[in-house]
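Q: Below: sequence and its predicted model.
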Amino acid sequence: MPARDPLSLPVLALLFGGVLAAALFVDAYRLTIVIEIAILVIFVLSLDFLVGYAGLVSFGHAGFMGVGAYALAYLAHFQGWPSGVAILAGVACGALSGIAIGALVTRVSGVFFIMVTLAVSMMFWAWASKARKFGADDGLGGLKRMDLKPLGLDLNDDRTFAVVCVVLAVLAYLLFRWLVRSPFGQTLKAIKQNENRARALGCPVQRYKVAAFAIAGAVAAFAGALHLQNTKFVHPEVAHWIRSGEGLIVVIVGGAGTLTGPVIGGFLFVLFHRIVESFTTHWQIWMGLLFVAIVLAAPDGIFGRLLSLVRRKAPKGPGDA
């Protein structure tokens, strides 16, 4: 993230504050939109960590969502584990999957990297589509939300669940903001900018990339578990490449490598989707046209464009002359 960023705080306060207020006051239908935004934001923040900061453009990131969702379904529904423990186990599975997949895919680069991430993700989707235990193509319903009543939270109440999801999205943002400013995050950015130089300086490049995959995989798996908690249903679609593609669109449209941009992108993506699909079933066409228009008008994404405009109009100090 750029050193001087006068926009992130007000933009995030507006977006997260607005979504939180909506979670407290809107009707049941709009609550579903709030929850969808919060879960998507968590997912795309983890993807932006890979794409924007590590330079790893993954087209199979939804596979980690599938790992989190299916691990939760198996452990909580079939093994009788408490949902909270099962969610943590799903996050651990996402991290381990990230390590395994990262160790494999970081050996290649460019188009080959993108295709390998896609292939690995689609292998998981193919397995889920044939797994009769989980309903195969029909999915598995009748799942339950986590019991937090001892803490005074009834997650079966959609309003309470929505507030919890928004708070978790804020925490996810703060986690990645801390990570990208840490020595680990700074090293990742150095690797992205010039991998050969980082390697020449003795940096264990592959270890850093695998670690980035582990972190992003864990958070994406958590988003998958939340998705299951929201719908109380698990389906192979959660791991499909289309979801990965939508995540990349959100990151690019919002502004990769900014964290704030994907939050903006997630907010706009869900709202645009819901509004347009009320008029036509072909909302993807309009989404594609909007994506092309934004990329042409703002190659750095919406937030990147806003940031450049603010900096251009800001008065220059003595040190900027």
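A: Cool, got the structure. Keep in mind it's a predicted model, so treat the numbers as computed, not measured.

Q: make it CA atoms for all contacts and neighbour counts henceforth
A: OK.

Q: which residue packs closest to V276, ignoring adjacent ones?
A: Spatially, and ignoring its direct neighbours in sequence, V276 is nearest to W283 (5.7 Å; Cα to Cα, 6 or more residues apart in numbering).

Q: And the nearest residue to A212 once chain neighbours are set aside, how far from L248?
A: Spatial nearest neighbour of A212, excluding adjacent residues (Cα to Cα, 6+ apart): L50 at 6.6 Å. Per Cα to Cα, to the nearest Å, L50 is found 11 Å from L248.

Q: wait, is the residue nearest to A212 part of a strand?
A: No: counting by DSSP: H, G, I helix; E, B strand; the rest coil, L50 falls outside a strand, being helix.

Q: Find me the pLDDT at it, would you?
A: With respect to pLDDT, L50 scores 96.

Q: okay, now it: neighbour count?
A: 24 (other Cα atoms under 10 Å).

Q: Now N156. Its backbone dihedrals?
A: Dihedral angles of N156 (phi, psi; degrees, to the nearest 10) stand at phi -70, psi -20.

Q: show me the contacts for it.
A: Taking Cα atoms under 8 Å, 6 or more residues apart in numbering, we find N156 in contact with R145.

Q: again with F279
A: With contacts defined as Cα under 8 Å, 6+ apart, F279 has no neighbours.

Q: now L188
A: Counting by Cα under 8 Å, 6+ apart, L188 touches 53-54, 208-209.

Q: repeat for L118
A: Residues near L118 by Cα under 8 Å, 6+ apart: 58-60, 241.

Q: Present the residues you listed as CSV; the columns should include secondary structure, pLDDT and distance to A38.
A: Shown next, in CSV, are the contacts of L118 (DSSP: H, G, I helix; E, B strand; the rest coil; pLDDT from 0 to 100; distance: Cα to Cα, whole Å):
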residue, secondary structure, pLDDT, distance to A38
S58, coil, 92, 21
F59, coil, 93, 21
G60, coil, 94, 21
W241, helix, 92, 20
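
Q: Adding neighbour count as columns, could you present these in TSV?
A: Output for those, formatted as TSV (neighbours: other Cα atoms under 10 Å):
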residue	neighbour count
S58	24
F59	26
G60	28
W241	21
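
Q: Format those residues as a markdown table; extra columns: distance to S46.
A: A markdown table is the format used below for those (distance: Cα to Cα, whole Å):
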| residue | distance to S46 |
| --- | --- |
| S58 | 11 |
| F59 | 13 |
| G60 | 13 |
| W241 | 16 |
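
Q: gap between the residue nearest the centre of the chain and A293?
A: The central residue of the chain, meaning the one whose C-alpha is nearest the mean C-alpha position (Cα atoms, centre = their mean), is F43 at 1.6 Å. The spacing between F43 and A293, counted by Cα to Cα, is 24 Å.

Q: How much space separates F272 from A239?
A: Note on F272: its distance to A239, by Cα to Cα, is 22 Å.

Q: same question but for D27, I mixed them up
A: Between D27 and A239 the distance, using Cα to Cα, works out to 30 Å.

Q: Tell me which stretches of the stretch 101-250 of the chain form helices.
A: Assigned by DSSP state H, counting those that start in this stretch, the helices in the stretch 101-250 of the chain fall at 110-130, 158-181, 183-193, 195-200, 205-231, 241-254.

Q: now those helices as CSV including distance to L12?
A: Putting the helices of the stretch 101-250 of the chain into CSV (distance: least, Cα to Cα, whole Å) gives the following:
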stretch, distance to L12
helix 110-130, 30
helix 158-181, 9
helix 183-193, 21
helix 195-200, 32
helix 205-231, 20
helix 241-254, 13
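
Q: most packed of the ones you listed?
A: helix 205-231 (a mean of 25; mean count of other Cα atoms under 10 Å).

Q: re the thing from before, quick check, the residue nearest to the centre of the chain in a helix?
A: Yes: F43: assigned to a helix according to three-state DSSP.

Q: which residues does it contact?
A: Residues in contact with F43 (Cα under 8 Å, 6+ apart) are 65, 219-220, 223, 247.

Q: which one of those residues sits closest to I264?
A: For the contacts of F43, the closest approach to I264 (Cα to Cα) belongs to G247, at 12.5 Å.
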